[in-house]
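Colleague: One predicted model, sequence on top.
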Amino acid sequence: MRTLAILMSLMLGGCTLASKYHRPDYPLPETYRGVETATESFGDVEWWEVFQDPQLQELIRKGLENNYDLRIATARVVEARAGLTAARAGLFPALTASGRASRSDTYQIGSTELTQEPGWRVAREDGRFKLVRTPGGPDNEAERDSANAALDLSWEVDLWGRVRSASEAARADFVATEAGRAAVVQSLVTGIAEAYLALRTHDLELDIARKTLDSRKASLRLVELRKEGGVASRLEVRQAEVLVATAEASIPNIERQIAQTENLLSTLIGENPQDIARGKSLPEQDIAVEVPAGLPSDLLERRPDIRAAEQALVAANARVGEARAAYFPRITLTGAAGIVSPALAGVFEGPAGTTAVGPAATWTLFNAGKVRAGVKAAKARREQAMLTYEQTVQQALRDVADALVGATKARELRERQEVLVTALDDATQLATKRYQGGVSSYLEVLDAERQRFDAELGLAQARLDVSLNIVKLYKALGGGWEKTAP
């Protein structure tokens, strides 16, 4: 018992050979490029407050329940949790039970002729001779029964922190896996939002194309009537037909984009391709939440990819300590207790019992540099993990900067595009009146119509770009990974 107490105190007071982890001192800026310092962050807003369309919210909820990527990520978390439990099991003793029962027969055969040995005879079976016992012959055999049961105890004395380092690495892997699942949630929420906004944009484009087609068909009928009256030429009729054909040709392409976007949304919500219900139109989508970007240091805690990269670094640092522990002997406390009985029926009441307890040590004295190579490889993996972490932080800062400038410039472009559409709408009306008054040719109407149609489609795309850049900013700031919603 004194030996056990000493070994337990050594194990509990043992050190770990892993270096104490410190977060890399990455040079973070005080604020994002082009914005003022603020403590609040758009990334702290929950996704159901950012996306106000009830239909979009319903699609996101379905995705969080059924999406296959998210379900796979959840299964990885379960796997990592099991790995953590298995790693922590090394901190505790392992107890195993064993038992055995056997019967042995010993026959005594003399050196005399077999056929003369009392109780034995030679028999021939299948063309071969065989020695068999005669019934009722003398007892020339010894029969023995035996049984035993034992409990074995094994406990590694973690003097060098090998088991604790492995447990710390497994815990970091588990936390990194959870952060990875949060990143999948974030990508899913923002991906569904982007696809839904694209769908509503295609709906708007289809509406523009159909209205333009109706308007151009009416203009074609007018030109045909003018030709019948001898006022318009055949060329003007053909020019009007070009306008009609251009509008008609755009519709199938837009309808294809609508169907493919619906298929994408169906996959994101974990369902087979189907029609997607609509909510607010694109002009009605209001996701421009006026919340500042916050501080760059917030990204270290908000963004799941940064948290996952840091936990990978924590795990790599712990595994350096695990590799270093291989330089030293592994000491294991072993114990055994058992009973032996000459009869199976009395195995637990046997007259003989055994106990044994004591330490065992194994120490690799020479392995051609294998341990040194293992430590060197672990350090290299730690260096890779640190560089990956710093690269992830740098990329996050770029994502925010790109999204900030993208949102600002996309809003400016939408405003310019709105002015352009208004101007071209007036120009088209004036060109039509001039043509009807015989002041200009239909070519002027043709050019104005074409430019207005392209500008209206451009405005729809500009509105989409504004919304998409806001979604990108929200994701870049670390928002959108909260699964719980009212």
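Modeller: Right, received. Where do you want to start? Numbering: from 1, shown residues only.
Colleague: hey, let's count contacts and neighbours off CA atoms from now on
Modeller: Fine.
Colleague: Show me where the stretch 51-200 of the chain has its strands.
Modeller: 94-107, 120-125, 128-133, 141-157 (DSSP state E, counting those that start in this stretch).
Colleague: so where is the stretch 301-450 of the chain shaky, pLDDT-wise?
Modeller: For the stretch 301-450 of the chain, residues meeting the criterion pLDDT under 70 lie at 338-354.
Colleague: repeat that for 50
Modeller: Of all residues in the stretch 301-450 of the chain, those with pLDDT under 50 make up the ranges 344-345, 347-348.
Colleague: could you pull out the strands for it?
Modeller: Ranges of strands in the stretch 301-450 of the chain, per DSSP E, counting those that start in this stretch, are 330-341, 352-362.
Colleague: Give me the buried stretch members for the shortest one, please.
Modeller: Spelled out, it's strand 352-362. Of the residues in strand 352-362, 357, 359 count as buried by neighbour count, 16 or more other Cα atoms under 10 Å.
Colleague: then that strand to PDB, C-alphas only?
Modeller: Taking Å, rounded to 0.1, in the frame of the first residue of the first chain, the C-alpha atoms of strand 352-362 are listed here in PDB:
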ATOM      1  CA  ALA A 352      -6.000 -21.300  -3.100                       C
ATOM      2  CA  GLY A 353      -5.800 -17.600  -3.700                       C
ATOM      3  CA  THR A 354      -3.200 -15.400  -5.300                       C
ATOM      4  CA  THR A 355      -2.400 -11.600  -5.100                       C
ATOM      5  CA  ALA A 356       0.300  -9.600  -6.700                       C
ATOM      6  CA  VAL A 357       1.000  -5.900  -6.900                       C
ATOM      7  CA  GLY A 358       4.000  -3.800  -8.100                       C
ATOM      8  CA  PRO A 359       5.300  -1.400 -10.700                       C
ATOM      9  CA  ALA A 360       6.600  -2.300 -14.100                       C
ATOM     10  CA  ALA A 361       8.800  -0.100 -16.300                       C
ATOM     11  CA  THR A 362       9.700  -0.100 -20.000                       C
END
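Colleague: can you give me the offset of stretch 48-65 from its chain's centre?
Modeller: How far stretch 48-65 lies from its chain's middle: 20 Å, per Cα atoms, centre = their mean, to the nearest Å.
Colleague: So which bits of it are buried?
Modeller: Neighbour counts over stretch 48-65 (16+ other Cα under 10 Å) mark 48, 50-51, 53, 55-57, 59-64 as buried.
Colleague: Any stretches of the stretch 51-200 of the chain with poor pLDDT?
Modeller: By pLDDT under 50, the weakly predicted segments of the stretch 51-200 of the chain are 107-116, 137-141.
Colleague: ranges for the helices of it?
Modeller: For the stretch 51-200 of the chain, applying DSSP state H, counting those that start in this stretch gives helices covering 54-66, 68-88, 162-228.
Colleague: export the ones you listed to a markdown table and tack on distance to residue 324?
Modeller: Below are those laid out as a markdown table (distance: least, Cα to Cα, whole Å):
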| stretch | distance to residue 324 |
| --- | --- |
| helix 54-66 | 43 |
| helix 68-88 | 17 |
| helix 162-228 | 8 |
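Colleague: ranking these by burial, who's on top?
Modeller: Mean neighbour count, computed with mean count of other Cα atoms under 10 Å, is highest for helix 162-228 among those, reaching a mean of 21.
Colleague: got the angle between it and helix 68-88?
Modeller: Calculated by axes from the mean of the first three to the mean of the last three Cα atoms, to 10 degrees, helix 162-228 forms an angle of 170 degrees with helix 68-88.
Colleague: Taking helix 54-66 as reference, get the angle to helix 162-228.
Modeller: Using the same axes, to 10 degrees: helix 162-228 against helix 54-66 is 140 degrees.
Colleague: Against which helices or strands is the helix or strand just after helix 162-228 packed?
Modeller: The C-terminal neighbour of helix 162-228 among helices and strands, as given by DSSP states H and E, is helix 234-268. Secondary-structure packing of helix 234-268 (3 or more Cα pairs under 8 Å, 6 or more residues apart in numbering; DSSP states H and E): helix 162-228, helix 442-476.
Colleague: Show me what counts as buried in the last one.
Modeller: When you say that, I think you mean helix 442-476. 442, 444-446, 448-453, 455-476.
Colleague: same thing with stretch 255-275?
Modeller: So, applying 16+ other Cα under 10 Å, buried residues of stretch 255-275: 257-259, 261-271.
Colleague: Please apply the same query to stretch 474-483.
Modeller: In stretch 474-483, counting by 16+ other Cα under 10 Å, buried: 474, 475, 476, 477, 478, 479, 480, 481, 483.
Colleague: now stretch 45-57, how far from the chain's geometric center?
Modeller: With Cα atoms, centre = their mean, you get 23 Å for stretch 45-57.
Colleague: how about the helices in the stretch 251-400 of the chain?
Modeller: 299-302, 304-324, 370-436.
Colleague: JSON lines for those helices, including distance to residue 237?
Modeller: Formatted as JSON lines, those follow (distance: least, Cα to Cα, whole Å):
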{"stretch": "helix 299-302", "distance to residue 237": "62"}
{"stretch": "helix 304-324", "distance to residue 237": "60"}
{"stretch": "helix 370-436", "distance to residue 237": "13"}
